[in-house]
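**Q** generate coordinates for the sequence data below:
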Amino acid sequence: MKILISGQQGQISLELQRRLGALGKLIVPGRDQLDLTKPDQIRQTVQNLRPDLIINAAAYTSVDLAENEPETAFAINAVAPGIFAESALALGIPLIHYSTDYVFDGTKIGPYDEDDTPNPLGVYGKSKLAGERAITEVQGQHLILRTSWVYSTHGRNFLLTMQRLLQEKAELSVVADQIGAPTWAGTVANSTLALIERWHSGETAPWGTYHLTAQGKTSWFGFAESIREALRQQGKPCANLRPIRSSDYPTPATRPINSCLDCSRLQRDWGVSQPDWQTALRECLTEQS
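**A** Predicted structure coming up:
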């Protein structure tokens, strides 16, 4: 099998590269070879490579910067996924694409399921929702996997930022009223591998949109506490943590208060489930050490 993966240096892409090699040949072009702001280049690349599967793991993820760069955000998060979907349909192959909890406004009581009506609060969420709709309108074989609060041991993310700041500062203030499921990129990659294996073996379930996050929930403050405890167990100096409200830490883009996603449909339809977020965090930290 020949698999085209976009987003060469992204968190999820890097974890996919570590796990999917046994399936066949991985083609992971860099930005100089596959610029997602250039639709014609996307079409030509797919046409030349003729993969058996496309995984779009690239995205414009700078939530706050997107407020000032909507054209770039929409080019990468909305237009490019639609081009991938059209190219996949032309070849008769599936597309796997990753989306986000930010397509919801966070006002629901309880976890969001796939049938809830999206209502993104900012440019990032709006661009990701537009990408989802561009894919579904093509009506090809696809999986749109919504995840949340993604972290890993590379790139820029909450885990690495907290590990650094906790050892540099005497006290840290962390938002405690936003709730979600911290999701290790390795968890997303493991689940993606399981989905591909089921598809490749002929065990195809319904295509469409699914939620894929770690199980359980916490706040950013709770996530920071777990990171702090892991550092303390390693004998490293740690800052004190102080919980604050979202209103105490204003940002250019408004975040959803509730980012919890119900992942039961993925388990029911495809037989794929995820670990709880604490277990996944320990596994991630074990790999990091």
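**Q** any low-confidence regions in the stretch 51-200 of the chain?
**A** Along the stretch 51-200 of the chain, no part satisfies pLDDT under 70.
**Q** which residue ranges of it form helices?
**A** Taking DSSP state H, counting those that start in this stretch as the criterion, the stretch 51-200 of the chain carries its helices at 70-74, 80-91, 123-138, 158-168, 185-200.
**Q** distance from stretch 46-59 to the middle of the chain?
**A** 18 Å (CA atoms, centre = their mean, to the nearest Å).
**Q** can you check stretch 262-278 too?
**A** Distance, centroid of stretch 262-278 to centroid of chain: 15 Å (CA atoms, centre = their mean).
**Q** cool, and stretch 214-223?
**A** Worked out by CA atoms, centre = their mean, stretch 214-223 lies 16 Å from the chain centre.
**Q** what does that stretch rub up against?
**A** 111, 149, 158, 162, 174-184, 187, 226, 241, 243, 260, 263, 273-278, 280 (CB atoms under 8 Å, 6 or more residues apart in numbering). To be clear about C-beta, it is placed using only N, CA and C from the backbone, and glycine gets the same treatment.
**Q** so how do I select the buried members of the residues you listed in ChimeraX?
**A** Buried residues among the contacts of stretch 214-223 (16 or more other CB atoms under 10 Å), as a ChimeraX selection:
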select :111,149,158,162,174,175,176,178,179,180,181,182,183,184,187,226,241,243,260,263,274,275,277,278,280
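**Q** I'd like to know which of the contacts of stretch 214-223 are part of strands.
**A** Within those, residues falling in strands by DSSP state E are 174, 175, 179, 180, 183, 184, 241, 243.
**Q** for those, which one is nearest residue 235?
**A** residue 241 (18.2 Å; CB to CB).
**Q** just checking, that closest one touches residue 225?
**A** Yes. Using CB atoms under 8 Å, residue 241 makes contact with residue 225 at a distance of 6.2 Å.
**Q** how far away is the closest residue to residue 146 other than its chain neighbours from residue 141?
**A** Distances taken as CB to CB, 6 or more residues apart in numbering place residue 99 nearest to residue 146, at 4.5 Å, with adjacent residues excluded. Between residue 99 and residue 141 the computed distance is 17 Å (CB to CB, to the nearest Å).
**Q** more crowded one of these two?
**A** residue 99 (25 against 18; other CB atoms under 10 Å).
**Q** ok, now which ones touch the more buried one?
**A** 128, 129, 131, 132, 144, 145, 146, 147, 209.
**Q** from those, which is closest to residue 170?
**A** Using CB to CB, the contacts of residue 99 come closest to residue 170 at residue 147, 33.6 Å.
**Q** how many neighbours does that closest one have?
**A** Count around residue 147 with other CB under 10 Å applied: 24.
**Q** isn't it right up against residue 103?
**A** No. When contacts are counted by CB under 8 Å, residue 147 is not listed as touching residue 103 (11.3 Å).
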